[in-house]
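1. return a 3D structure for these sequence lines:
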Amino acid sequence: MVRLQLSIKAELENVTDLVPATDDFEYFFKVKCTSCNEEHPKLVSVNRLEEREVTSGKGSAAHFVWRCGLCKRESSAKFEPGEKPRPYSADANGQFAPFLTIDCRGLEFIGFDPRGNWKCVGAESGTVFFEVDLEEGEWVDYDEKSSQPVGVSNIESQWARA
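-> Purely as a prediction, here's the structure:
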């Protein structure tokens with residue numbers, strides 16, 4: 001089993017605490033088989049609240065179960081129990097910061113697509129923005145309380161062994 005840590009980096013403008021909006025957020029990852037190094041041609045989605053049965057283990061379950069199309073080996077991944085993604089704060093603005101950790105068996109995640117609904121908080125006003133959509137690579141809005149533009153842009157990610 002390999003523990004992989006996903007770190008994210010973004011440019012935050014007058015906001016902080018960027019995090020998925022709900023617990024049932026669908027994470028989209030690029031995956032690679034560690035047996036034959038075959039990369040899955042599409043992004044795969046993983047949800048922290050959904051578990052699937054692993055056929056090779058008695059009664060074991062994982063958040064993601066995948067059979068490689070090339071070598072046919074079954075692999076799985078599981079989020080750390082009870083661990084939620086760490087909010088990306090304004091303190092880390094423009095630098096990589098740990099976001100989440102996943103236990104992987106027979107696979108590695110090699111990419112991350114931040115599509116889906118995120119939320120963040122106005123740095124000065126405390127206003128919560130629930131509809132932060134990063135599918136286009138950036139999000140911009142206006143904070144009425146602080147009379148400032150707000151935004152998230154240039155989001156990047158990297159995987160490393162935890």
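2. use CA for all of it now, contacts and neighbours both
-> Fine.
3. sec struct for D141, please.
-> Following DSSP: H, G, I helix; E, B strand; the rest coil, the label given to D141 is strand.
4. so where's this structure shaky on pLDDT?
-> The model of the chain has pLDDT under 70 over residues 57-59.
5. name every strand pairing with the longest strand along the chain and say which way it goes.
-> Ranked by residue count and defined by DSSP state E, the top strand of the chain is strand 148-161. In the sheet, strand 148-161 lines up against strand 2-13 (antiparallel), strand 138-143 (antiparallel) (DSSP bridges).
6. what bridges to F109?
-> Going by DSSP bridges, F109 forms beta bridges with V31.
7. that one: what's it in contact with?
-> Taking CA atoms under 8 Å, 6 or more residues apart in numbering, we find F109 in contact with L4, F29, K30, V31, K32, W159.
8. the fourth one touches C104, doesn't it?
-> No: taking CA atoms under 8 Å as the contact criterion, V31 and C104 are not neighbours in contact, 10.6 Å apart.
9. show me where the protein has strands.
-> Ranges of strands within the chain are 2-13, 15-20, 26-33, 44-47, 52-53, 61-62, 64-67, 74-79, 97-105, 107-113, 117-122, 128-133, 138-143, 148-161, based on DSSP E.
10. quick one, which of those strands gets closest to D91.
-> With respect to D91, and counting by CA to CA, the nearest of these is strand 15-20 at 8.1 Å.
11. quick one: that closest one to strand 117-122, angle?
-> Strand 15-20 runs at 160 degrees relative to strand 117-122, counting by axes from the mean of the first three to the mean of the last three CA atoms, to 10 degrees.
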